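# Sharing a model that was predicted from the sequence below.
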Amino acid sequence: MVASDFPQGPGTALSDALAASAPPGHIEKYRVLEPIGEGGMSVVYRARDEMLQRSVAIKVMHRHLAKDPEARKRFSREARAVARLTHRNIPEIYDFSSSDSDLNYLVTELVEGAPLATLLREGPAILPELGVMLCVGVASALQHAHTHQIIHRDVKPENILVGRDGVVKLTDFGIAQIVGLESMTMTGTLIGSPAHMAPEQIDGTRDIDYRVDIWALGTVLYMAATGGTLPFDADNPHSVLKRIVDGNYQDPRRINPHVDSELARIIGRCLQVDRAARYATMSELEVELEAWLEARGLNDPEAEVRAMMADPSGYHRLLSDHLSATLMALAEEAVGERERHRALELYGRVLVLDPEHPAAFERVRRLTSGMRTRRMVLWTAAGGVAVVAIAAAVFLLTRPGPTPRIEAHALPAVGMLPGLAPELTRARPPELVD
């Protein structure tokens, strides 16, 4: 469980919401200190284990739910599920209330940090590389759970805790399914968070398996890569569910020009409606994410996340500088290997990071001098290379006059580029003029 900066004191939203369900000063050997979070089923408190002299988190079921057999069953399910798991990216369970206890509670490791949902909502803009680093540990945790026959079924940013020590932890196994045991079902009710549900969880025509977690982590990757945008967002719940079943979402590159084609491909494979087309295992996804990071010189995600938690704004500047240098080197390699379009994508990403990068502008000018500019931009818009960055760069570079400045926040949307048809959905590579 996470300890973060929630407003405290009389009259705050959290204190008002918890007033009716606040436990006594002690729960058996635990001294309750303060509330740190609340959900529809329980309240989480920071507490002190007075016997072992350590800080813990206590998740206490709301009193009005304690009389509900299904709610109690779900609460005990979480304890049983987590007790089977020992993994760096899953909070350790320490204790669970006895059957004759007045309160239903679960005692776990206390995570000092913040939920991923809070970072996406309130923190500075997150570069896709950082988003992937925040998710790779979750993939590892889920692979561990799957190996132990546990399907999480509720992977979402609210259930991902980012510690100040750089360790990311997956929590809330309250609706997890333990394969081979009785499944928790509620007739006519969707189990989970609709915005992150896989199509098979919604249509109810197929038994679910571990691939629902691969889908859900794909939605989290999408959000982390685009700065918090839900892939299947809509005006009402019915429309959200329909978009999920249809697999209808916007290419993340059209939302955030920092997203490259390789990351878009990884996310897209997670979000395949046909689950057979998704990654075969969570481990396979984890390997691809790690390889994508390593190609950018990011070999220690925990150290990077720890630096970000210590100084978010300063870290963003350092990461941007690191990526500019690394992507320039990768682009030069692509030029040497005659991979022109990959080189253009990489140079375009550099220009989004550093709009005044003279070397990147010069390389783009040279690489595009022999191309039919309009056809290249059309292909770019349909997803061949970095959508906004290259299109804007080519458009501006072919205009007479001094080298222009491109503001990252002011880059034109695809449909705004001159002569560009926004309805294009498929593309072929541009013809090259030698």
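Great, that's in hand. Numbering: from 1, shown residues only.

# OK, contacts around residue 212?
151, 153, 197, 198, 200, 201 (CB atoms under 8 Å, 6 or more residues apart in numbering). Where you see a C-beta, it was placed from the backbone N, CA and C, and this is true even at glycine.

# mean confidence for stretch 262-280?
The average pLDDT within stretch 262-280 is 97.

# gap between that stretch and the chain center?
Distance, stretch centre to chain centre, for stretch 262-280: 15 Å (CA atoms, centre = their mean, to the nearest Å).

# Now do it: distance from first to last residue.
Length of stretch 262-280, first residue to last, CA to CA, to the nearest Å: 18 Å.

# So for the residue nearest to residue 107 when sequence neighbours are not counted, what's the pLDDT?
Among residues not flanking residue 107 along the chain, residue 95 sits closest, at 3.8 Å (CB to CB, 6 or more residues apart in numbering). Looking at residue 95, its pLDDT reads 93.

# Now do the phi/psi pair for residue 95.
phi -160, psi 160 (degrees, to the nearest 10).

# Output the lowest mean pLDDT helix or strand found in this protein.
In the chain, no helix or strand scores lower on mean pLDDT, DSSP states H and E than helix 13-18, which sits at a mean of 43.

# after that helix, next one along is what?
strand 26-27 (DSSP states H and E).

# Adjacent strands (with direction) for that following strand?
strand 30-38 (antiparallel) (DSSP bridges).

# Give the buried residues for the strand it pairs with.
For strand 30-38, the neighbour count (16 or more other CB atoms under 10 Å) marks 30, 32, 35, 36, 37, 38 as buried.

# same deal with stretch 284-296?
Those would be 285, 286, 288, 289, 290, 292, 293, 296, for stretch 284-296 by 16+ other CB under 10 Å.

# ditto for stretch 163-182
163-164, 166-178.

# and of these, the nearest to residue 231?
Of all the buried residues of stretch 163-182, residue 231 sits closest to residue 170, with 19.5 Å by CB to CB.

# can I assume residue 350 is in contact with residue 324?
Yes - the pair formed by residue 350 and residue 324 meets the contact definition of CB atoms under 8 Å, at 5.4 Å.

# can you pull the contacts of the spatially closest residue to residue 225 that is not a sequence neighbour?
Leaving aside its sequence neighbours, residue 225 sits nearest to residue 128 (CB to CB, 6+ apart; 4.3 Å). Residue 128 makes contact with 224, 225, 256, 258, 259, 260, 263, according to CB under 8 Å, 6+ apart.

# The same query, at a cut-off of 6 Å, please.
Contact analysis of residue 128 by CB atoms under 6 Å, 6 or more residues apart in numbering lists 225, 258, 259, 263.

# Next one: the second one from residue 87, what distance?
Computed as CB to CB, to the nearest Å, the residue 258 to residue 87 distance reads 30 Å.

# The two: which has the busier surroundings?
Each of residue 258 and residue 87 has its neighbours counted (other CB atoms under 10 Å); residue 258 has more, 26 against 19.

# Quick one: residues contacting that one.
Contact analysis of residue 258 by CB under 6 Å, 6+ apart lists 127, 128, 352.

# Residue 351 contacts residue 360, doesn't it?
Yes - if you go by CB atoms under 6 Å, residue 351 and residue 360 touch, sitting 5.2 Å apart.

# distance of the closest residue to residue 275 other than its chain neighbours from residue 91?
Nearest non-adjacent residue to residue 275, counting by CB to CB, 6+ apart: residue 211, 4.3 Å away. According to CB to CB, residue 211 and residue 91 sit 24 Å apart.

# for residue 293, same thing?
Residue 293 is 24 Å from residue 91, by CB to CB.

# Next: residue 25.
As judged by CB to CB, residue 25 and residue 91 stand 24 Å apart.

# More neighbours: those two, which one.
Counting neighbours by other CB under 10 Å for residue 25 and for residue 91 shows that residue 91 has the greater number, 24 against 9.

# ok, now which ones touch that one?
108, 109, 169, 171.

# now with 7 Å?
Shown in contact with residue 91 (CB atoms under 7 Å, 6 or more residues apart in numbering): 1, 108, 109, 111, 169, 171.

# mind listing what residue 163 touches?
So, once contact is read as CB under 7 Å, 6+ apart, residue 163 ends up touching 111, 112, 113, 169.

# meant to ask about residue 125, not that
Residue 125 sits next to residue 227 when contact means CB under 7 Å, 6+ apart.
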